[in-house]
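>>> can you look at this prediction? I've put the sequence above it.
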Amino acid sequence: MAAFSGPIPDPYALKIYGEIDPTYPERLLAMAERQEAHRQAEEIRQQELEKIAIESYIAFNQAKHNLARQKYLERIKYQTRGQWFGIVLVSLFLIGAIYVTMNGHDWVGGVIIAALAALLALFIQGHQASQSKSPPAQPPETPAQPQGS
């Protein structure tokens, strides 16, 4: 005995259906063809949706990476600007301390130099504390591009 499965009945059943109504076999075949076309269209639609989801995920991660990199570069820019400002300010105070010391105000020059030394100590201590709390600042790596895109 032969076994058949699927949307189309076995040939013997088709013959019996044809005897009941001559259009049944053709209608059953047309129905099976429509069902197959529908199934294939749904598979293609599902593949397109998966492709869109993957592309959206990649675009989101690239945007997130670009934002992180931009924030990192801004932080570096502000740190550099602050260091230059600090160097200029300390230089001006040091020049002022030397000037007032050379003009007979030793104690004022000493106070300015002591204040600069205290600020320098605070800066170094704060810098070491911030480095021990967080890992060294490194720019985010560029994400790898997926294969086949």
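Yep, that arrived.

>>> so residue 24 sits against residue 17, correct?
Yes. Between residue 24 and residue 17 a contact is recorded at 3.9 Å, counting by C-beta atoms under 8 Å. For glycine as for every other residue, the C-beta is placed from the backbone atoms N, C-alpha and C.

>>> the helices in the protein, which residues?
In the chain, the helices defined using DSSP state H lie at 11-20, 24-102, 106-133.

>>> least confident of those helices, on average?
Among those, helix 106-133 has the lowest mean pLDDT, at a mean of 81.

>>> can you give me how far that one is from the chain middle?
Mean C-alpha position of helix 106-133 versus that of the full chain (C-alpha atoms, centre = their mean, to the nearest Å) differs by 39 Å.

>>> buried set for that helix?
Residues 109, 112 are the ones in helix 106-133 that count as buried (16 or more other C-beta atoms under 10 Å).

>>> still on that earlier bit, okay, the helices of the chain in a markdown table with distance to residue 3 next?
Listed next are the helices of the chain as a markdown table, based on distance: least, C-beta to C-beta, whole Å:
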| stretch | distance to residue 3 |
| --- | --- |
| helix 11-20 | 12 |
| helix 24-102 | 18 |
| helix 106-133 | 72 |
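
>>> quick one: the residue lying farthest from the centre of the chain from residue 25, how far?
In the chain, residue 19 marks the outermost C-alpha relative to the chain mean, sitting 65.9 Å out by C-alpha atoms, centre = their mean. Taken as C-beta to C-beta, to the nearest Å, the spacing of residue 19 relative to residue 25 amounts to 10 Å.
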